[in-house]
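[1] structure for the following, please:
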Amino acid sequence: LPEDAEPAQVLIGIETDRGPWVAALVAAGYRVFAVNPRQSARSRDRLGVSGAKSDAGDAHVLADLVRTDAHQLPPVAGDSDLAEGVQGLTRAHQALIWDRTRHVLRLRATLRDYFPAALEAFPDPAAPEALELLAKAPDPGRAARLSRTQIAAALRRARRRDAEEKTAGIQAALRAPALGRGPALTAAQAAVTRSLIAVITALTGEIDTLETE
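    Below you'll find the predicted structure:
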């Protein structure tokens, strides 16, 4: 391009569609195209056989993709400040949901290892009443001593229907005879359970906060 070329005549390929650097390029008038990293990786294999990565090589791959396939690449638009704010909140909200799911799976696996009766009593260990009662009684001994009043109160706070019937079922599951583990392992796993519950509870609160935002 000649030295007096306009920014709109310059096409730029970059492996992201967000961030201050991308926003600055768009604001300056350049035409910016977001290239999926997997797409550029496949093109890297097509253009070279060594498989080695380098900044110069990656730049060549992105430039060649934009040169030949710009009509198939999504252009990065200059979104409004409000739109970018919504996008940022949405990404963070989704990330917290994924984090919560991972911790719930860890909680389920931990309970299965030393306290499977808890999964019989609470098919969804991330339910509010399950988190509340397991935080109070994270091991079989303490769980078996939970009273009907305590269980029913937790169910009412979680706004569950048929609280009396559910109370009887939960208490029966927690008090049913079951194979146990040694006291040291049980105590250690109970501590892990309490820790996971604290993290899940905090993540749930922050998910609600971002959803409100």
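[2] can we go C-alpha only for contacts and neighbour counts from here?
    OK.
[3] could you pull out the strands for this structure?
    Listed in chain order, the strands of the chain (DSSP state E) span residues 11-14, 31-34.
[4] so which of the ones you listed is the most packed in?
    Ranked by mean neighbour count under mean count of other Cα atoms under 10 Å, those are led by strand 31-34, which reaches a mean of 22.
[5] just the CA trace of that strand, in PDB.
    What follows is strand 31-34 as a C-alpha-only set of coordinates in PDB (Å, rounded to 0.1, in the frame of the first residue of the first chain):
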ATOM      1  CA  ARG A  31     -10.600  -3.900   9.200                       C
ATOM      2  CA  VAL A  32     -10.000  -6.600  11.800                       C
ATOM      3  CA  PHE A  33     -10.900 -10.300  11.300                       C
ATOM      4  CA  ALA A  34     -11.100 -12.800  14.100                       C
END
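[6] output the contacting helices and strands for it.
    On a contact count with 3 or more Cα pairs under 8 Å, 6 or more residues apart in numbering; DSSP states H and E, strand 31-34 meets strand 11-14, helix 20-27.
[7] lowest-confidence stretch among the ones you listed?
    For the helices and strands packed on strand 31-34, mean pLDDT drops lowest on helix 20-27, to a mean of 84.
[8] need the helix or strand of this protein with the lowest average pLDDT.
    Every helix and strand in the chain was compared by mean pLDDT, DSSP states H and E; the lowest is helix 37-47, with a mean of 72.
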